[in-house]
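A.B. asks: sequence first, predicted model second:
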Amino acid sequence: MALTSEVKELNREQRLRRRAHKLGYILRKSRRNGATYREGSYWSENPRDRGLWMIVDEATDMPITGLRYELTVEDIEAFLDVRS
């Protein structure tokens, strides 16, 4: 069952990427999980990278929103809904 939900989430992300591309945006997902570690132990939240998503203008390659990778998939859907 867990695999099915992961596949659904990946499909949802791919749909959002295509939709964003049609509107002139790029979705970037953080490669981190939003945490800072020291000597292998959790230390704190990373203030520069929350581990989620950022929206970038395709033409200028400049961030539009989510500068610290703090956007959720729901935030991206809302952003794209307003722009379409």
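C.D. replies: Good, I have the coordinates.

A.B. asks: ramachandran angles for Phe79?
C.D. replies: When read as degrees, to the nearest 10, the backbone of Phe79 gives phi -60, psi -50.

A.B. asks: residue contacts, it?
C.D. replies: The neighbourhood of Phe79, defined by CB atoms under 8 Å, 6 or more residues apart in numbering, consists of Ile55, Thr65, Leu71. C-beta coordinates here come from the backbone N, C-alpha and C atoms, glycine included.

A.B. asks: which residue is the nearest non-sequential neighbour of the residue minimising distance to the centre of the chain?
C.D. replies: Nearest to the mean C-alpha position of the chain, counting by CA atoms, centre = their mean, stands Trp53 at 1.6 Å. Nearest residue to Trp53 in three dimensions, chain neighbours excluded: Leu71, at 4.2 Å (CB to CB, 6 or more residues apart in numbering).

A.B. asks: dump the residue contacts of the one you found.
C.D. replies: Going by CB under 8 Å, 6+ apart, Leu71 touches Leu52, Trp53, Met54, Ile55, Thr65, Phe79.

A.B. asks: list just the nearest of the residues you listed to Arg12.
C.D. replies: Nearest to Arg12 among the contacts of Leu71 is Trp53, at 12.1 Å by CB to CB.

A.B. asks: any chance you could map the strands in this structure?
C.D. replies: Taking DSSP state E, the strands of the chain run over residues 25-29, 35-38, 41-45, 53-57, 63-65.

A.B. asks: show me where pLDDT drops low in the chain?
C.D. replies: By pLDDT under 70, the low-scoring segments of the chain are 1-2, 33-38, 41-50.

A.B. asks: quick one: the helices in it, in order.
C.D. replies: Along the chain, counting by DSSP state H, helices occupy 2-22, 73-83.

A.B. asks: coming back round to it: relative to Glu9, which of the contacts of Phe79 is nearest.
C.D. replies: Closest to Glu9 out of the contacts of Phe79 is Leu71 (15.1 Å), distances taken as CB to CB.

A.B. asks: distance of that closest one relative to Thr4?
C.D. replies: For Leu71, the distance to Thr4 equals 25 Å [CB to CB, to the nearest Å].

A.B. asks: how about Ile55?
C.D. replies: According to CB to CB, Ile55 and Thr4 sit 28 Å apart.
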